[in-house]
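# got a sequence here, can you model it:
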Amino acid sequence: YIFFIHLVQDLLKFNQLSGKRVVLLTNKLHKVVGNEVVDPSQALLLGFMNVLQQEHSVTCKNIDLDLNDIAAHQMPALVREIVSSETKDRQVAFRFNQRWIKEYQKYPTELQIEHDVLKKGGTYLITGGLSSVGLSIAKYLAEDFSASIILLGKTGLDELSLNTEFNSLKELHPETYYYKVDVSDKEQLEKVITETTLKWTKINGLIHTAGNTGPDNFSLIENIDPGKSVSALAPDVIGLKNLQDVFIDKEPDFVWVSADICSVLGGVASCTISSVNSFIEQFVLCRNESKCKWKAVSFDYTGFSNN
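Predicted coordinates for the structure are as follows:
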């Protein structure tokens, strides 16, 4: 991912990308037929390309292969897909000599709420717990379910605004606790989870809202600082993997991960955010065979309020 940033920045510097086509070949990024063992880290580049073609006169396309399945007689079809400018399909996969395209459809059926998912008096752990999303969920769980809340955050409570928010939660339900921990640091995370499971034998749900979506992470591609980009990716790319590893034997009822719709829509100056959210969606899709229910919900953070 970082190499790709440097490559594109160098090409832009010398005006070598204008009017060009960029084709990204991936190996089992998409779960098409259902039996692929996918690598979601490749999805970082999908988010990058979403924004690249919005900021510059570039056409981008992803062709996903299963290198264990590809055969010599399929190469002409692959070459035609790469060089053809006629098709407008931005994400294409080849499986079993068939061409698949990714598309989005409106879900026409009213969602059925599973009322037994959240438990009265249950215990829920929320990463990024005092972010706007995390705080809203914590308030809901405390008010409507009298739930014990374990908040994890990278920032200490010494900031007045955070301390005020935490105290308001504490008033809703005294069984509310805050731990300063960086979820991208596995050792820190394991220590806190070991401590909390001594008090609560069962954590009913894990809610991941951690992430760096501050103004410093919005930048045109040519101005991206790779170091800052890596820091912005860490809470989700490394943090989600750490959460999976730490909770693999604890079997919460569900894992809910918040994401941003820019994974699909992109957005000028949103390259880093689009990349990390593309990863989130693919990572969660890969977990659908795990013992607990994983779900990613994408929405527009810019219009979100915790009121």
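# centre of the chain to the helix or strand hosting Gly227, how far?
Following DSSP states H and E, one finds Gly227 within helix 226-247. Here helix 226-247 shows a centroid-to-chain-centroid distance of 10 Å under the convention C-alpha atoms, centre = their mean, to the nearest Å.
# do stretch 27-43 as well
Stretch 27-43 has its C-alpha centroid displaced from the chain centroid by 15 Å (C-alpha atoms, centre = their mean).
# and it, average pLDDT?
Taken as a whole, stretch 27-43 has a mean pLDDT of 90.
# buried residues in it?
For stretch 27-43, a neighbour-count test (16 or more other C-beta atoms under 10 Å) marks Lys28, Leu29, His30, Lys31, Val32, Glu36, Val38, Pro40, Gln42, Ala43 as buried. (C-beta placed from N, C-alpha, C; glycine too.)
# on that earlier part again, okay, buried residues for the helix holding Gly227 please.
Under the neighbour-count criterion of 16+ other C-beta under 10 Å, helix 226-247 has 229, 232-244, 246-247 buried.
# possible to save the buried residues of stretch 27-43 as a markdown table with secondary structure?
Shown next, in a markdown table, are those (DSSP: H, G, I helix; E, B strand; the rest coil):
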| residue | secondary structure |
| --- | --- |
| Lys28 | coil |
| Leu29 | coil |
| His30 | coil |
| Lys31 | coil |
| Val32 | coil |
| Glu36 | coil |
| Val38 | coil |
| Pro40 | helix |
| Gln42 | helix |
| Ala43 | helix |
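# least confident secondary structure element in the protein?
Here the helix or strand of the chain ranked lowest by mean pLDDT, DSSP states H and E is helix 160-172, holding a mean of 85.
# can I get the CA coordinates of that helix in PDB?
Taking Å, rounded to 0.1, in the frame of the first residue of the first chain, the C-alpha atoms of helix 160-172 are listed here in PDB:
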ATOM      1  CA  LEU A 160     -12.100  17.900  30.200                       C
ATOM      2  CA  SER A 161     -14.600  17.200  27.400                       C
ATOM      3  CA  LEU A 162     -13.900  13.400  27.500                       C
ATOM      4  CA  ASN A 163     -14.100  13.400  31.300                       C
ATOM      5  CA  THR A 164     -17.500  15.200  31.100                       C
ATOM      6  CA  GLU A 165     -18.800  12.700  28.500                       C
ATOM      7  CA  PHE A 166     -17.600   9.700  30.600                       C
ATOM      8  CA  ASN A 167     -19.200  11.100  33.800                       C
ATOM      9  CA  SER A 168     -22.500  11.600  32.000                       C
ATOM     10  CA  LEU A 169     -22.400   7.900  31.000                       C
ATOM     11  CA  LYS A 170     -21.500   6.900  34.600                       C
ATOM     12  CA  GLU A 171     -24.600   8.700  35.800                       C
ATOM     13  CA  LEU A 172     -26.700   6.600  33.400                       C
END
